[in-house]
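Q: Structure of the sequence below:
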Amino acid sequence: MSVNSQTFSLGQRPLFLFFQGQYNGLLMKQDIRLILKTYFGFTQFRRGQEEIIHALLEHRDVLAVMPTGAGKSLCYQVPALLLDGLTLVISPLISLMKDQVNALQEGDIPGAYLNSSLAPADYQSTIHHAVQGDYKMLYIAPEGLKRDAIQHLGEQVGIAMVVIDEAHCISQWGHDFRPSYLLIREFIQSLTSRPITAAFTATATDKVKEDIVRILHLENPYVLTTGFNRENLYFAVQTIPKSPDKVQALLDYLKNHQDKSGIVYCATRKTVEELSATLNAAGYEATRYHAGLDDWERQINQDDFIYDRKPLMVATNAFGMGIDKSNVSFVIHYNIPKNIESYYQEAGRAGRAGEAADCILYYSPQDLRTNTFLITNCQPGDPPKDPALVSHNLELLKAMTYYATTTDCLRAQLLAYFGDTPSNYCGNCSNCTTRFEAVDISLAAQKIISCVYRIEQRGKRFGKTMVVDILRGTKSQKLLSQGLDSLSTYGIMADMDVHRIRTILDYLIAHEYLALEGTTYPVLCSASRSGEIIFEKKPLEMMLPKDKPPHPLPDKTAELDERLFIKLKALRNRLAQEAHIPAYIIFSDASLQDMCRKMPLNPEQFLAVSGVGMVKMEKYGEVFTRLVREHRSQTKSS
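A: Next up, the predicted model:
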C-alpha cells in the first residue's frame, strides 16, 4: 500500500494508521519515507536510522549507540507509529519527556508522559487515556515502573515496544549508573507478552554495551554503532593553570559570541555559583543549575535557558541529559570532567541541528586533583566505595587527562577511545589548526627526572609545584628551609619558562616516564620508564605550539540573508510564546537557514524546506511564506 501525499488530507484518518501492522511484504521503503516526510519533515534518513527502523519493524531487539544529535529518537518514533499497540519510552529526565512530547504533539502524533511533575488528577487522566488506546507513545521515568498504576497498565494495554533511552545508565561501569534502571528488566519480564526491546545511548564502551545486552536480556539484538564522529563540532583544549585566567578566557570568548547560546560546565556547585554571578555582573544573561538548588528553581532556570530567555547556562553535570535544545552553539568545560564518556556526551549538546559549534575544555592540573579526590573519597553518610570501581574510575580519569594534554589530533583521541579508527588529522580541532613544531625535549626530560631521583635519594617526595621551583631555583622559604637548594639539580632550568616546564612535566607523567602517587596531595615519583631517559639517554620529542591563531567559529548564516533570518527567528519566537513551547520545537535554526536559502513563496516550496512535513506545512506554511514574500518585496523596492 502506498499513499500519495498530495491527495492525502491530514484532517482525515492519521496517515500512520493506513500502514500500521502491514510491514511484512507490504510496507515498502517509500512508504516509510512518506511517514518520515509527513510527520518529521525530512526526506532522507541519517546514518543508521533506516537500518534500525527496519530491524524494529521486524520485531527484533536493538542496541544502538549513536552520538548526541544523530537522531536516535526518530529511530523508535517511526516504528512506534507503525506497530500495533503502545510504545513505552523509558527516559531519565522530566525535561526530556516534555521536549519529546511537545515535538510529537506539534507533529499531530498522539503522545504523553507520566512523571512527578503531574498533579494526581492529570496522572490518572493520562493513565485512563493510555488504557483507551489514545496514545502511540508514552514516556515514563524508570522510577515510575514501581507504581501500581504502571503495573496495571502493562496488564491492560498491548505494549508493542519498550524503548530505553540513555541505556548506558544501566551499567555501573558507565559514567552515569542509575540503580533505578535495574527495574526495567523485571518490568519487561512481568508483561504477559514480551515486547520488542530497544536500547539507545550516545556513548558506550564495549564493556558497557555488553552490560546493556546482558542486564536487559536482549534477545539476538541488532547491534549498531554508527560511529561517534560529528564533523560540525570543533574541539579545543586550553591549558589555564590559574582560576582568574580561566575567568578572563571565558569572558574573552563570550565577548566574541554574544548572540550565541551555550553551556558552561563546572565541576562543583561552588564554582557554578561564583561563575554565574561573575557573568551576570559582566552583563551577560546567565542562569545556573546544580543539585543543591530547590526543584522549583532548577526548573525555572532550565526553562529560562530552553526558551531562550537566558542564552547562557552555567551548570554541573546534573544538567543536560536529554536536553534537546538545537541552537546550542558552544559547550565550554570550565573544569576537566572525570571521564571521556561524560565529556563527549556533554560536549555533544552543542550543534545538535548540524550547525558548526565549539567544544572547549579549560584544563588545569588543580582540576585533576579535585576529580581524584571526588572519585576516591565518600560523601558523609555514604557507604564505602567499591575499590574495583574506584580503580576503574581513576583509569577513566587518566584517559581524560591524556586527552587534555595530548598534542595529537583531539578528535582522533576521542574516536579511538570509543573504538573508531580515525585519521591522525581532522583539521577541525585546536591541535590540528595550531601550527606545531617538533621540539627535542631530551635534555629537559633528563633534568626533570634527575631532579625527582635526587629528591627520592633523600627519602622525600614533593608535588609538581615544588619540583618546578627547585628546577627554576626559586628562593622560597619552604624550599630553602629543607636544604633543597643544595641539590645538584637546583636552578638547572632557570632559563626555561614555568609553563613550558609544566607542559613537559605533564607529558612525562602522561607517558609514564614519571608517576603521581597519592590523592589529596599527589607527589611525583620515578616510574618504570624513567630509566629510559636517565640511563639509556633515550631521545624524546614532543609537539609544542609556536603560536595559536584565534579559531573563527564557522557561521552558516554568513552566506544567508541576515535580515530575513532575524525576521524568521522573531516570527518563530512569537509563535512559540503563544503556544508555550520552546522555539526549536517549531523549527530549528537549521530549518530557518534553509528557508533563507530556498526562499519559499508558496506551500509546495515550503514543503521542500528541511524539517517541514505535511503537518507543519499546514500549521505554519502560510505565515512563514507570507513573511518571505513581504521580505522579498521590501528588498526589491529598497
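Q: buried ones in stretch 58-71?
A: By neighbour count with 16 or more other CB atoms under 10 Å, stretch 58-71 contains the buried residues Arg60, Asp61, Val62, Leu63, Ala64, Val65, Met66, Pro67, Thr68, Gly69, Ala70, Gly71. (Each C-beta comes from the backbone N, C-alpha and C, glycine too.)
Q: now do stretch 431-441
A: Neighbour-count burial for stretch 431-441 [16+ other CB under 10 Å]: Asn431, Cys432, Thr434, Val439, Ile441.
Q: ok, now how distant is the last one from Asp408?
A: Meaning Ile441. Between Ile441 and Asp408 the computed distance is 16 Å (CB to CB, to the nearest Å).
Q: Could you list the single helix or strand in this protein with the lowest mean pLDDT?
A: Every helix and strand in the chain was compared by mean pLDDT, DSSP states H and E; the lowest is helix 23-26, with a mean of 46.
Q: For the following helix or strand past that helix, list the C-alpha coordinates in CSV.
A: Sequence-wise, the next helix or strand downstream of helix 23-26 (DSSP states H and E) is helix 29-35. Taking C-alpha atoms only, helix 29-35 is exported to CSV below (Å, rounded to 0.1, in the frame of the first residue of the first chain):
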residue,chain,number,x,y,z
LYS,A,29,10.8,1.9,1.8
GLN,A,30,9.0,4.7,0.0
ASP,A,31,6.1,4.3,2.5
ILE,A,32,8.4,4.7,5.5
ARG,A,33,9.9,7.7,3.9
LEU,A,34,6.5,9.1,3.4
ILE,A,35,5.9,8.8,7.1
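Q: What is helix 29-35 packed up against?
A: If you count contacts as 3 or more CB pairs under 8 Å, 6 or more residues apart in numbering; DSSP states H and E, helix 29-35 packs onto helix 15-19, helix 49-57, helix 72-82.
Q: ends of stretch 526-544, how far apart?
A: Across stretch 526-544, the terminal residues are separated by 24 Å (CA to CA, to the nearest Å).
Q: What residues of that stretch count as buried?
A: The neighbour-count criterion (16+ other CB under 10 Å) identifies Ser526, Ala527, Arg529, Ser530, Glu532, Ile533, Ile534, Leu540, Met542 as the buried residues of stretch 526-544.
Q: what does that stretch contact?
A: 407-408, 431, 436-442, 445-446, 449-450, 452-453, 456, 500, 503-504, 507, 511-515 (CB atoms under 8 Å, 6 or more residues apart in numbering).
Q: Next: stretch 386-404.
A: Residues from elsewhere that reach stretch 386-404, judged by CB under 8 Å, 6+ apart: 172-173, 175, 237, 239, 336-341, 343, 361, 363, 368, 371-372, 375-376, 410, 413-414, 417, 510.
Q: between the buried residues of stretch 58-71, which is closest to Pro92?
A: Ranked by distance to Pro92 (CB to CB), those are led by Thr68 at 14.2 Å.
Q: quick one: secondary structure of that closest one?
A: Here Thr68 is recorded as coil under DSSP: H, G, I helix; E, B strand; the rest coil.
Q: Just give the closest residue to it, not the sequence neighbours.
A: Gly348 (3.2 Å; CB to CB, 6 or more residues apart in numbering).
Q: What about the one you found, how many residues nearby?
A: Other residues lying near Gly348 total 23 when counted by other CB atoms under 10 Å.
Q: returning to that earlier point: the helices and strands packed on helix 29-35 into TSV, with extra columns for mean pLDDT and mean neighbour count?
A: Formatted as TSV, the helices and strands packed on helix 29-35 follow (pLDDT from 0 to 100; neighbours: other CB atoms under 10 Å):
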stretch	mean pLDDT	mean neighbour count
helix 15-19	54	18
helix 49-57	92	21
helix 72-82	91	24
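Q: As TSV, these with distance to Phe319 would be great.
A: Shown next, in TSV, are the helices and strands packed on helix 29-35 (distance: least, CB to CB, whole Å):
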stretch	distance to Phe319
helix 15-19	34
helix 49-57	27
helix 72-82	20
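Q: Nearest to Ala119, out of these?
A: Nearest to Ala119, of the helices and strands packed on helix 29-35 and by CB to CB, is helix 72-82 at 26.4 Å.
Q: Show me the helices in the stretch 201-350 of the chain, by range?
A: Applying DSSP state H, counting those that start in this stretch to the stretch 201-350 of the chain gives helices spanning 206-216, 243-255, 269-281, 295-306, 340-347.
Q: Turn those into CSV, including distance to Ala149 and mean neighbour count.
A: Output for the helices of the stretch 201-350 of the chain, formatted as CSV (distance: least, CB to CB, whole Å; neighbours: other CB atoms under 10 Å):
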stretch, distance to Ala149, mean neighbour count
helix 206-216, 23, 18
helix 243-255, 47, 15
helix 269-281, 35, 17
helix 295-306, 22, 17
helix 340-347, 32, 24
